[in-house]
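Q: show me how the following folds:
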Amino acid sequence: MIEEDHCVYIKRFEGNFVILSLYVDDILLAGNSLKSVLAIKEWLSSNFEMKDMGEAEYILGVKIQRNRSKRILSLSQENYIKKILARFNMRDCNPLDTPVASGVTLSLDMCPKTESAKKKMERVPYDSAVGSLMYTMMCIRPDICYVIGLVSRFKSNPGEQH
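A: Presented below is the predicted three-dimensional model:
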């Protein structure tokens, strides 16, 4: 078991390793040897009722892509991000090379001051949008960590500029 995540286990044997990640009733196995992964899978199925779903393509909304000839494993949340953009009516937004434009500063002065401005912002699902992006940040996009930290400071009273 890994101390930082009590749902991830590592088994080392015969110079190989297998990583088992457990989430509710889903198990993801990965290792440096197919023989070792198959041995663990066989042991698990002999001790627990389980269904082998084959090679993983998605786990928790994260797409797993493999290029075996180049020995590259990559993760993508493209579909999840597209759903977020659609949910918050931003399908037609333009991507940027950096998560926050140069020179942009956000402050408490941008928070709504009047009751009518506050009421208007209550209809904006700001907190939900920040939370959705936080999931992406935690899974595979640490590059947006700074901007998520920046915008999350205003979750309790966001303004239009936030």
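Q: which residue ranges of the chain form helices?
A: Under the criterion DSSP state H, the chain contains helices at 34-47, 78-87, 115-122, 126-139, 145-152.
Q: quick one: which of the ones you listed is nearest K70?
A: The minimum distance between K70 and the helices of the chain falls on helix 34-47, with 17.5 Å, by CB to CB. Where you see a C-beta, it was placed from the backbone N, CA and C, and this is true even at glycine.
Q: so how far is the closest one from its chain's centroid?
A: Mean C-alpha position of helix 34-47 versus that of the full chain (CA atoms, centre = their mean, to the nearest Å) differs by 28 Å.
Q: flag every buried residue along it.
A: S36, V37, A39, I40, K41 (16 or more other CB atoms under 10 Å).
Q: could you do stretch 77-94 as well?
A: Of all the residues in stretch 77-94, those buried under the rule 16+ other CB under 10 Å are Q77, Y80, I84, F88.
Q: what about that stretch, start to end distance?
A: Terminal residues of stretch 77-94 are spaced 18 Å apart (CA to CA, to the nearest Å).
Q: residues in contact with that stretch?
A: G61, V62, K63, P125, A129, S132, L133, Y135, T136, C139, I140, R141 (CB atoms under 8 Å, 6 or more residues apart in numbering).
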